[in-house]
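Peer 1: 3D model of this:
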Amino acid sequence: MRIPENVVERVRDSSDILSIVQDYVRLKKAGSNYLGLCPFHREKTASFNVNPARGFFKCFGCGKGGDTITFVMEIERLEFVDAIRWLADRAGIEIPKTEEGKKAYDKRESIYEALRFASEYYVGKLNDPTSGARAREYLNGRALTEKTISRFSLGYAPDSWDGLIKAATNAHIKLETLKKAGLVAERRDGTGYYDRFRGRIMFPIRSHVGKFVGFGGRLLADNPDAPKYLNSPETEVYHKSTVLYGLHQSKRMARQEESILLVEGYTDVLALDQAAIGSAACCGTALTLQQVGLLGRYVKEIRLLYDADRAGTAAVERAVDIVLQGGVAASVVALPEGEDPDSFVREKGADAFRLHLKTATKDWVDAFFDASLSDNGLGTLHKKRQAISHVAQRIAYIKDDILRKMYVQKASQLFAIAERDMAYEITRVARNNQQQQRPPQTPPEGSTGAAPVNFDAISEPEKMLLQLMLEEGGPMIKYILGNMAYDEFQEGPSRELVNLLMETYEAHGDDVMSAFGSGRTNADETARQLVADILIRRHEVSKGWGAKKINVPRLNEKSKRVAEDCMMRVKGAFVKRQIQHLKHEMMNAPEGSDARSRLQMEYLNQKRYLLTINDGKLFEG
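Peer 2: As a prediction, the model looks like this:
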């Protein structure tokens with residue numbers, strides 16, 4: 001929803017840039033300005049300036065600058081509208097809404113208010129010398145300081161069936177609102193409600209902008225009939241797949257470090273935060289793409305902490321898949337057997353944990369290779385083949401072409417195989433994944449055969465790539481498909497022939513032309529038409545190649561250069577299609593939503609990638 005310009009100006013005028021920036025940066029007065037270390041990049045000498053009189057900030061190190069709204073957008077990773085709302089809430093300014101929008105907004109705000117009230121209630125019970133004594137004893141046993149307890153708003157839910165209900169009712173909070181907030185549950189006989197959390201240490205769960213959205217509760221007494229940990233149910237404001245415990249508190253540190261540690265439990269997050277190590281934890285679910293997208297706003301790398309047993313290894317492998325699919329770099333850190341971050345820090349100290357992080361952190365591909373060695377080794381060719389496919393599967397998730405090539409180089413060195421073999425394996429597994437996801441195609445009823453192939457509809461560079469692979473066989477198939485993703489070819493006959501060429505090469509070896517000529521392929525009528533058309537036409541080199549004086553009579557000695565030129569053209573066309581698709585998706589995504597932010601990030605990445613392609617730098621070196 002668009003915010004009127006006069007409201008934007010009122011919010012801007014009511015927002016004191018100095019007080020806002022000081023929530024994030026330690027500033028010192030320097031003449032009429034204030035100076036501090038930039039929150040947007042690492043630096044040792046302060047170059048971040050704030051001018052309160054003009055309402056602007058400027059970093060002379062990284063170049064970022066702007067007004068209060070710009071600062072909030074950058075520091076909180078918010079869209080313009082959300083930054084205005086954030087500042088309006090802080091300044092107590094109400095933003096006008098439509099009647100329908102106002103009702104929905106008020107409904108959500110009433111839920112947020114109930115959750116905030118519940119947090120204060122639980123904190124009060126923890127601080128009560130009588131009701132909170134046992135809970136305090138537990139927290140002290142975890143070596144948690146008062147600062148940490150306060151920073152994370154830890155509390156205690158007394159072992160009472162209606163303590164929160166009574167307190168909320170006295171504060172004029174409706175029972176229906178408590179229900180929508182997930183704070184109460186209905187009695188089995190339908191006669192009323194009771195407090196959902198009872199006799200538990202309470203860990204408030206906050207969104208990345210600090211709103212209370214739910215709770216996790218840890219049972220204090222031994223009760224085999226009750227779960228040790230109990231989390232809030234899904235509500236209008238709490239979706240487990242989109243929230244990470246501790247991110248609100250650790251995001252500044254994570255932004256500065258450009259990485260964050262993903263751990264398993266609430267107390268792990270608390271112990272690490274107390275040791276000045278930024279971390280976050282999932283809330284009772286496996287890692288999701290939405291959570292990776294959220295973390296990607298703040299960091300370039302997610303470090304996955306896991307137990308060095310078989311179950312822990314399997315869990316971290318699944319998490320690596322999600323992180324790579326989300327477009328964020330992944331590394332892994334194994335903990336000694338029987339340890340978790342909380343116990344490690346308590347028993348050995350924060351410095352020992354930092355040292356362990358420094359020495360035990362591995363890039364995911366190194367960790368996977370080491371795991372393959374330890375899991376009965378790579379002594380047989382079959383085991384080595386499995387391990388190669390295992391790693392190739394993950395590299396196939398990486399969208400950045402240059403980064404993917406770097407991983408191809410690294411993996412091929414680790415497994416002692418040729419780079420083109422590793423690259424080809426990545427394309428092969430990506431193709432297999434797409435085929436498994438695609439529903440089976442059935443010909444239309446009454447169909448008597450394949451429709452004629454419109455060869456002219458296939459782009460000129462794709463025609464040449466198909467001809468190169470068909471005529472030069474295995475080495476060229478490996479080279480082209482080791483440098484191109486399967487879906488970069490246009491969907492239809494072109495992609496189908498690529499698939500057939502791969503199948504034929506894998507079944508019959510380098511001389512795919514002979515296999516086609518002798519009928520030893522799975523070619524259908526459409527593929528046969530396309531192959532025949534290629535062989536009859538002997539596709540000519542384009543004017544662009546002629547200008548470069550590349551002679552291609554049989555596409556032999558200089559065919560690699562021709563292939564590279566074609567691949568850059570095909571990749572460029574593919575990226576342009578992706579950009580158009582992302583534009584359309586962004587138009588349909590709600591303004592200020594996480595989905596829109598992720599789309600915008602991907603849009604910028606694709607635009608940068610297109611520049612790399614257009615500069616002709618893909619095949620340098």
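Peer 1: Listing request: residues of the stretch 301-450 of the chain with sub-threshold pLDDT.
Peer 2: 308-311, 375-379, 434-450 (pLDDT under 70).
Peer 1: Kindly apply the preceding question to the stretch 451-600 of the chain instead.
Peer 2: Across the stretch 451-600 of the chain (using pLDDT under 70), the flagged ranges come out as 451-456, 517-527, 534-557, 590-595, 597-598.
Peer 1: Could you rerun that using 80?
Peer 2: 451-458, 491-493, 496, 506-558, 588-600 (pLDDT under 80).
Peer 1: Quick one: the strands in the stretch 301-450 of the chain, in order.
Peer 2: 301-307, 329-335, 361-363 (DSSP state E, counting those that start in this stretch).
Peer 1: what about those, which gets the closest to D401?
Peer 2: D401 lies closest to strand 329-335 among the strands of the stretch 301-450 of the chain, at 15.3 Å (Cβ to Cβ). Quick note: C-beta positions are derived from backbone N, CA and C, even for glycine.
Peer 1: Please identify the buried residues of the closest one?
Peer 2: Neighbour counts over strand 329-335 (16 or more other Cβ atoms under 10 Å) mark 329-335 as buried.
Peer 1: what residues does it touch?
Peer 2: Identification of contacts with strand 329-335 by Cβ atoms under 8 Å, 6 or more residues apart in numbering yields 259, 261, 300-308, 312, 316, 319-320, 323-324, 341, 344, 356-357, 360-364, 367.
Peer 1: now the buried residues of strand 329-335 in a markdown table, with distance to K571?
Peer 2: Converted to a markdown table, those look like this (distance: Cβ to Cβ, whole Å):
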| residue | distance to K571 |
| --- | --- |
| A329 | 22 |
| A330 | 24 |
| S331 | 28 |
| V332 | 31 |
| V333 | 35 |
| A334 | 37 |
| L335 | 41 |
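Peer 1: farthest pair in those?
Peer 2: It's A329 and L335 that sit farthest apart of these, by Cβ to Cβ, at 20.5 Å.
Peer 1: about what we covered before: out of the strands of the stretch 301-450 of the chain, which is closest to L582?
Peer 2: Nearest of the strands of the stretch 301-450 of the chain to L582, taken as Cβ to Cβ: strand 329-335 at 21.4 Å.
Peer 1: what is the orientation angle of that closest one with strand 301-307?
Peer 2: Counting by axes from the mean of the first three to the mean of the last three Cα atoms, to 10 degrees, strand 329-335 lies at 30 degrees to strand 301-307.
Peer 1: Low-confidence ranges, the stretch 101-250 of the chain, go.
Peer 2: The stretch 101-250 of the chain contains residues with pLDDT under 80 at 101-106.
Peer 1: Strands along that one, start to end?
Peer 2: Using DSSP E, counting those that start in this stretch, strands in the stretch 101-250 of the chain cover 155-157, 184-186, 193-195, 200-206, 212-219, 229-231, 244-245.
Peer 1: partners of the last one in the sheet?
Peer 2: This points to strand 244-245. strand 279-282 (antiparallel) (DSSP bridges).
Peer 1: Check which residues of the helix or strand that comes right after the strand it pairs with are buried.
Peer 2: Next in sequence after strand 279-282, counting helices and strands by DSSP states H and E, comes helix 289-295. Buried positions in helix 289-295, judged by neighbour count with 16+ other Cβ under 10 Å: 290-295.
Peer 1: Alright, calling it a day.
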